[in-house]
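> A predicted structure for the sequence below; I have some questions about it.
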There are 2 protein chains.
Amino acid sequence: MIITSVNNEKIKYLKKLKNTKFQQEEGLFLIEGEHLVNEALKANALNLTVSLKECNYGVENIVVTSNVMKSISSLSSVPTVIGVCKYLEEKESLGNKVIILDGIQDPGNLGTIIRSSCAFGFTSVILSPNCVKKYNDKVIRATQGMLFKTNVVTKNLNEFIPTLISKGYDVYGTDVISGIDVKKVTKKEKIAVVMGSEGNGLSNEVKALITKNIYINMSGACESLNVAVAASIIMHELR
Amino acid sequence: MIITSVNNEKIKYLKKLKNTKFQQEEGLFLIEGEHLVNEALKANALNLTVSLKECNYGVENIVVTSNVMKSISSLSSVPTVIGVCKYLEEKESLGNKVIILDGIQDPGNLGTIIRSSCAFGFTSVILSPNCVKKYNDKVIRATQGMLFKTNVVTKNLNEFIPTLISKGYDVYGTDVISGIDVKKVTKKEKIAVVMGSEGNGLSNEVKALITKNIYINMSGACESLNVAVAASIIMHELR
């Protein structure tokens, strides 16, 4: 059976999952395209698929028309498959390499940082409560599926950073005024790096909690890097 | 005098500059927001400003209503100032550090690479003809003004790469199969790095021209990085 109506109850339910509040209530989120659906499947996070043709990912599948798919999708070009995933487990155990994000707003930046953190063995990404949400569709797309392999957790940084320090982590800020060149940092086993927001850098509250700073050596011509680039360079150096 | 009509001839002309073909014919492009206008001014590229209030950048200024500004702007929130800039000079002298982009499609990625190239002293960015255009408004925004400090030139790579090699550049591809860890490259004075497109990597034609490859060491969990991140890490290492 093919669902042809955008007013079908199941379809209406799926469309409501694009709303952040409803998504949180249900503990479910949508992903689009074969690559992400395959990554979700491997991570055992896939609940349901919606597709244009019969397909078998080992979970319930609904076949819909292109028009119905378009009504669910957030993309300009309609995907062949959309997946419904369970909210991911958030682990208390963070690993030895942690990246902390203070107020990151751009979904592409957050997704790219999650992707890089996975590439460089930073197994936990900590978000301040005012960051863009991790289940935002643009965030998920930019992670290229690495969301399913990374422990992304929201924490109150004013409480969290002192706890990390007390557990023996070297916590580095990225303020450039009085820092160490990232290429010259003495790498301890437990490292956390805090990146500030695109417009404003680190908040004053967070700055007050940190005693060590890292900078990336740049030519005089350019004052700053994209935050996802800066975070990735630092993780590549400190891995 | 304040221009209040979106049908004013000057305003119609400015709006036409959003069209790539017309932009090329006129040799002019638009930039939005104070930061970019200031960077254009420093680079002596500013021809005209359009603003909501009287302002003085030392060039002709047109004051317009918010409604007119909105009709010219590509942004969702209306800027206070838009600048009209002259097409930038493209230099034949490329410097010792060159980054070459083979088919980059995403304007955010191109802009971010231009920004990073400026930070790390890669003074020329070479685009294959099928890359996104450098005067695309999203490219310009992502450069954060560094477009005005970087020599961005389009070249036929099949001719350009052999020329670079003959001039004594070490030209590195970024195919991962048989490469050198970027941290272990013996840095020669003249270096060029070729980055492939987001979906497909390097084209076969370009691969055939290159004998040396670089890779970025990653954990097994993640297969690839965002191309702007990868380019930036490589430039940071090889600067």
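Now that the structure is in, tell me what you want to look at. Being a predicted model, the structure only gives us computed values, none of them experimental.
> Alongside chain B, which residues does chain A contribute?
Within chain A, the positions near chain B by C-beta under 8 Å from any C-beta of the partner chain are A:108, A:112, A:115-116, A:118-121, A:142, A:144, A:146, A:149, A:216, A:218-219, A:221-222, A:224-226, A:228-229, A:232-233, A:236. From N, CA and C alone the C-beta is placed, and that goes for glycine too.
> Tell me which residues are up against stretch A:65-76.
For stretch A:65-76, contacts defined as C-beta atoms under 8 Å, 6 or more residues apart in numbering or on different chains pick out A:2-6, A:8, A:11, A:14-15, A:18, A:30, A:32-33, A:50, A:52, A:64, A:78-79, A:82, A:137.
> repeat for stretch A:126-134
Contacts for stretch A:126-134 (C-beta under 8 Å, 6+ apart): A:20, A:94, A:98-107, A:110, A:114, A:139-140, A:147, A:152-157, A:160, A:203, A:206.
> ditto for stretch A:104-112
With C-beta under 8 Å, 6+ apart as the test, stretch A:104-112 has contacts from A:101, A:113, A:127, A:131-132, A:134, A:136-144, A:147, A:195, A:197-199, A:226-228, A:232, B:108, B:226, B:228-229.
> Which among the residues you listed count as buried?
By neighbour count, with 16 or more other C-beta atoms under 10 Å in any protein chain shown, the contacts of stretch A:104-112 hold A:101, A:113, A:127, A:131-132, A:134, A:136-137, A:139-144, A:147, A:195, A:197, A:226-228, A:232, B:108, B:226, B:228-229 as buried.
> Those in helices, which ones?
A:113, A:137, A:139-143, A:227-228, A:232, B:108, B:228-229 (DSSP state H).
> Counting only strands, which of the contacts of stretch A:126-134 make the cut?
A:98-101, A:152-154 (DSSP state E).
> Could you single out the nearest of those to residue A:184?
Nearest to residue A:184, judged by C-beta to C-beta, of these is residue A:99 at 19.6 Å.
> got a list of what the nearest residue to residue A:115 once chain neighbours are set aside touches?
Spatial nearest neighbour of residue A:115, excluding adjacent residues (C-beta to C-beta, 6 or more residues apart in numbering or on different chains): residue A:146 at 4.5 Å. Residue A:146 makes contact with A:39, A:114-115, A:117-119, B:221-222 under the criterion C-beta under 8 Å, 6+ apart.
> which one among the ones in helices among the buried ones among the contacts of stretch A:104-112 gets closest to residue A:189?
residue A:232 (21.0 Å).
> any idea how far residue B:231 is from that closest one?
11 Å (C-beta to C-beta, to the nearest Å).
> Once you drop chain neighbours, what's closest to residue A:46?
residue A:40 (4.4 Å).
> where's that neighbour, which helix or strand?
helix A:34-42 (DSSP states H and E).
> ok, and what's touching that helix?
By C-beta under 8 Å, 6+ apart, the list of residues contacting helix A:34-42 reads A:31, A:46, A:49, A:57-59, A:79-83, A:85, A:140-141, A:144-146, A:148-149.
> cool, and stretch A:173-185?
Contacts for stretch A:173-185 (C-beta under 8 Å, 6+ apart): A:172, A:193-196, A:201-202, A:206-207, A:210, A:212-217, A:230, A:233-234, A:237-238.
> change it to 6 Å
A:194-195, A:202, A:210, A:213-217, A:234, A:237 (C-beta atoms under 6 Å, 6 or more residues apart in numbering or on different chains).
> before we move on, what about stretch A:8-28?
So stretch A:8-28 is contacted by A:29-30, A:68, A:72, A:84, A:87 (C-beta under 6 Å, 6+ apart).
> Just confirm residue A:50 is within a strand.
Yes: under DSSP: H, G, I helix; E, B strand; the rest coil, residue A:50 sits within a strand.
> What residues are bridge-paired with it?
Beta-bridge partners recorded for residue A:50 (DSSP bridges): residue A:62, residue A:82.
> so where's chain A shaky on pLDDT?
A:176-177 (pLDDT under 70).
> Domain ranges for it, per the record?
Domains of chain A are assigned by automatic domain parsing as A:2-86, A:97-238.
> With distance to residue B:182 as added columns, please give those in TSV.
As requested, the domains of chain A are exported to TSV (distance: least, C-beta to C-beta, whole Å):
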stretch	distance to residue B:182
domain A:2-86	26
domain A:97-238	9
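> hey, which of those is tucked in deepest?
Sort the domains of chain A by mean neighbour count, taking mean count of other C-beta atoms under 10 Å in any protein chain shown, and domain A:97-238 sits at the top with a mean of 20.
> ok now the strand or helix carrying residue A:29, how far from the chain's centre?
Take DSSP H and E as the rule and residue A:29 turns out to sit in strand A:28-32. Taking C-alpha atoms, centre = their mean, to the nearest Å, one finds strand A:28-32 lying 14 Å from the centre of the chain it belongs to.
> Report the angle between it and helix A:34-42.
Put simply, strand A:28-32 runs at 140 degrees to helix A:34-42, going by axes from the mean of the first three to the mean of the last three C-alpha atoms, to 10 degrees.
> quick one: strands adjacent to strand A:28-32?
Counting by DSSP bridges, strand A:28-32 is paired with strand A:81-86 (antiparallel).
> roughly how far is the strand it pairs with from the heart of the chain?
The answer for strand A:81-86 is 17 Å, by C-alpha atoms, centre = their mean.
> so which of the ones in strands among the contacts of stretch A:126-134 comes closest to residue B:165?
The closest of the ones in strands among the contacts of stretch A:126-134, once distances to residue B:165 are taken by C-beta to C-beta, is residue A:99, at 38.7 Å.
> Please name the residues that touch that closest one.
Each residue near residue A:99 by C-beta under 6 Å, 6+ apart is listed here: A:117, A:122, A:125, A:193.
> So it versus chain B, what's the distance?
Distance, residue A:99 to chain B, using C-beta to the nearest C-beta, to the nearest Å: 13 Å.
> so residue A:195 sits right up against residue A:231, yeah?
Yes: counting by C-beta atoms under 6 Å, a contact exists between residue A:195 and residue A:231, whose distance comes to 4.9 Å.
> Name the residues contacting each of those two.
Between them, residue A:195 and residue A:231 share no contacting residue, judged by C-beta under 6 Å, 6+ apart.
> Need the phi and psi values for residue A:186.
The phi/psi pair for residue A:186 (degrees, to the nearest 10) reads phi -80, psi 110.
> What distance do you get for it to residue A:149?
29 Å.
> ok, now residue A:192?
Distance from residue A:192 to residue A:149, counting by C-beta to C-beta: 19 Å.
> how long is stretch A:143-157 from one end to the other?
23 Å (C-alpha to C-alpha, to the nearest Å).
> Off-centre distance for that stretch?
5 Å.
> Then stretch A:168-176?
21 Å.
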